[in-house]
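Q: What would the 3D arrangement of this be:
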Amino acid sequence: MKLSDLVPEIEKESDPAAARRIARSRSKLLHEVAQSPRRRRVGGRLAVGIGGFGALVAGTAVIVAFVAGSVFAPVPATIPAASADEVFEQAAQSILDHVGAADTHLNASQYMRVEIIRDYLYTDGSQDLQPAKSGAFTHRDVDVLYVPANREDAWIFETKPTVVTGTYGPGGAKLLNSIKPGSDREAGVQAFPGGVRTYGNVTQPIDRFRDSYKDMPRDPQQLLDWFRVQEGEYAWMAILDALYMNLPPADLRAAMLGALAISGDFDLVSVDGNDATIQRTGNVDQVVQQFVIDRATGFIDSVTDLRSEQDDIVPPGIPNIQESWVVSVVDNAPTPTR
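A: The predicted structure follows:
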């Protein structure tokens, strides 16, 4: 099954354009994956590994803010990054230099708490991929995943109600009332034994590559080839999805970053300390996706679907979709309610 087939069941809002927006972002983000080799790759130490948790949330923007107990030395400011390849390589090397810290430690009764915050923009032009005419609104969905120390125990998933975060233009309130985002989003807490759940007709681990971690090559080129066999043109996006939640082993994480370094067509936009902004531009409707990677931790800090339909209704700087993840370690998880 391809990554594009796994539209997440977690997206339960009533917005009729939500599925289309997500599918649009996904397809445009993955369009025209370049196959040309990059000029550099990480050395032999990368032959040791990373994995991920992509199928749970197929959003387009993520912020990993904190992992309790992890300590990383910053990449010295004197080490420049002239390309996206070098950013991936520096992040991979940092993981390998701090493997003990890169793997989040959980005591037997603890959970890794992953708060997933998704922000959406919807306008009266969204259905036709046009600028807003008279109204727009933004809304936020928050879900929280609790990953147990023993991955065979129940994974807890909490769904919170949708919150409207803004209305814009003279027609914004009317548009909001006609869409009613989140009206069929059922708040509550669910348990998934062993972290396994059903997506449509497919049953698989939430951390969907988990059963393949041992089989995944730790050599970046071999790992990229492995993902291409599994996902075809969606290989690089599958790797990013696998990286987001920090669930795979640290050595496999480093190999995945090495695979991204040789996967093609990434451009370095800017570097601010350890944070580097990387961009990939598709040629469908000029949709631009950006993500920020922390070179010291190897985490993907953020990924944003930038807005291409500009108008006077929506304030500048509001993207089409943004998803943020906040990762921490907690002693308890909420009790399932459904």
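
Q: Look up how far residue 139 lies from residue 173.
A: Look at residue 173 and residue 139: by C-beta to C-beta, to the nearest Å, they are 13 Å apart. (Each C-beta comes from the backbone N, C-alpha and C, glycine too.)

Q: what about the two, which has more around it?
A: The residue with more neighbours, out of residue 173 and residue 139, is residue 139; 22 against 13, by other C-beta atoms under 10 Å.

Q: Would you confirm that that one contacts residue 118?
A: No - with contact defined as C-beta atoms under 8 Å, residue 139 does not count as touching residue 118 (9.0 Å).

Q: who are the neighbours in contact with residue 139?
A: Contact analysis of residue 139 by C-beta atoms under 8 Å, 6 or more residues apart in numbering lists 13, 15, 119, 120, 122, 162, 163, 164, 165, 181, 182.

Q: From what I see, the third one and residue 322 are in contact.
A: Which is residue 119. Yes - judged on C-beta under 8 Å, residue 119 makes contact with residue 322 at a distance of 4.5 Å.

Q: What segments of the stretch 201-338 of the chain are helices?
A: With DSSP state H, counting those that start in this stretch as the criterion, the stretch 201-338 of the chain has helices at 220-231, 235-243, 250-261.

Q: Sort out which residues of the second one are buried, please.
A: Going back to what we said before, that points to helix 235-243. 235, 236, 237, 238, 239, 240, 241, 242, 243 (16 or more other C-beta atoms under 10 Å).

Q: could these be laid out in a markdown table, adding pLDDT and distance to residue 263?
A: What follows is the buried residues of helix 235-243, written out as a markdown table (pLDDT from 0 to 100; distance: C-beta to C-beta, whole Å):
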| residue | pLDDT | distance to residue 263 |
| --- | --- | --- |
| 235 | 89 | 7 |
| 236 | 85 | 4 |
| 237 | 84 | 10 |
| 238 | 89 | 11 |
| 239 | 90 | 7 |
| 240 | 86 | 10 |
| 241 | 85 | 13 |
| 242 | 87 | 13 |
| 243 | 86 | 12 |
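
Q: In terms of pLDDT, where does the nearest residue to residue 203 once chain neighbours are set aside sit?
A: Distance criterion C-beta to C-beta, 6 or more residues apart in numbering; nearest residue to residue 203, sequence neighbours excluded, is residue 196 at 6.4 Å. Per-residue confidence (pLDDT) for residue 196: 93.

Q: give me every residue that touches residue 196.
A: Residue 196 neighbours (C-beta under 8 Å, 6+ apart): 203, 204, 205, 206.

Q: cool, and residue 276?
A: Residue 276 is in contact with 81, 84, 87, 268, 270, 292, 293, 295, counting by C-beta under 8 Å, 6+ apart.

Q: Out of the residues you listed, the closest to residue 98 would be?
A: residue 295 (12.0 Å; C-beta to C-beta).

Q: which ones are touching the residue nearest to residue 172 when sequence neighbours are not counted?
A: Among residues not flanking residue 172 along the chain, residue 135 sits closest, at 4.0 Å (C-beta to C-beta, 6+ apart). Contacts here follow C-beta under 8 Å, 6+ apart; on that basis residue 135 touches 123-124, 167-176, 313.

Q: Turn these into a markdown table, including pLDDT and distance to residue 279.
A: Below are these laid out as a markdown table (pLDDT from 0 to 100; distance: C-beta to C-beta, whole Å):
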| residue | pLDDT | distance to residue 279 |
| --- | --- | --- |
| 123 | 97 | 24 |
| 124 | 96 | 29 |
| 167 | 98 | 30 |
| 168 | 98 | 26 |
| 169 | 98 | 29 |
| 170 | 98 | 34 |
| 171 | 97 | 33 |
| 172 | 97 | 30 |
| 173 | 97 | 35 |
| 174 | 97 | 36 |
| 175 | 97 | 31 |
| 176 | 97 | 32 |
| 313 | 97 | 26 |
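
Q: mind putting those residues in a markdown table, distance to residue 215 and secondary structure included?
A: Formatted as a markdown table, the contacts of residue 135 follow (distance: C-beta to C-beta, whole Å; DSSP: H, G, I helix; E, B strand; the rest coil):
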| residue | distance to residue 215 | secondary structure |
| --- | --- | --- |
| 123 | 45 | strand |
| 124 | 48 | coil |
| 167 | 49 | strand |
| 168 | 49 | strand |
| 169 | 52 | coil |
| 170 | 57 | coil |
| 171 | 53 | coil |
| 172 | 50 | helix |
| 173 | 53 | helix |
| 174 | 53 | helix |
| 175 | 48 | helix |
| 176 | 48 | helix |
| 313 | 50 | coil |
